[in-house]
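Asks: Next one to model:
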Amino acid sequence: MSTETPSAPAFRYVAVTFDCADPAELARFYGDMFGLPVTYSTDDFVFLGGDNGTAGLGFTRVPDYRRPTWPDPAQGKQAHLEVGVGDLDTAEAHLLARGAVKPDDQPQPERWRVLLDPAGHPFCITTLA
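Replies: Below is the predicted model of the structure:
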């Protein structure tokens, strides 16, 4: 009987994909935020980045997509990104001008701001220490 333990396979984070009604619109928003190019696109799916070994973001069309209703739990938030920024006010203004929405509920606005992307997914911008 062998006592050797097989080694675990190698895993690498590649991407996260968001459900949405309009993949091209959401890809434009996040592409602008992160400076990621479109590397693959169809009518129902758009992928940003992911080339040269970097992680990317995907956006897939879902029929009858329902926007999250955060902070109301009626329709769950579905995904949540934390994005580090140098200056909260500057980053917030930039993202609001590009289609983000700032909900009234802000748990700790001096440390982070909750915003909603054009498809309604909440994400946070957080001050880098």
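Asks: just checking, what packs against the biggest helix by length in the chain?
Replies: Criterion DSSP state H: the longest helix present in the chain is helix 23-34. Helix 23-34 makes packing contacts with strand 38-41, strand 45-49, strand 56-61 when contacts are defined by 3 or more Cβ pairs under 8 Å, 6 or more residues apart in numbering; DSSP states H and E. Every C-beta, even on glycine, is put in place using the N, C-alpha and C of the backbone.
Asks: redo that, cut-off 10 Å
Replies: strand 15-20, strand 38-41, strand 45-49, strand 56-61, strand 81-85, helix 88-97, strand 122-127 (3 or more Cβ pairs under 10 Å, 6 or more residues apart in numbering; DSSP states H and E).
Asks: Next, the angle helix 88-97 makes with that helix.
Replies: 160 degrees (axes from the mean of the first three to the mean of the last three Cα atoms, to 10 degrees).
Asks: buried set for helix 23-34?
Replies: 23, 26-31, 33 (16 or more other Cβ atoms under 10 Å).
Asks: and what of stretch 74-85?
Replies: Residues 77-78, 81, 83, 85 are the ones in stretch 74-85 that count as buried (16+ other Cβ under 10 Å).
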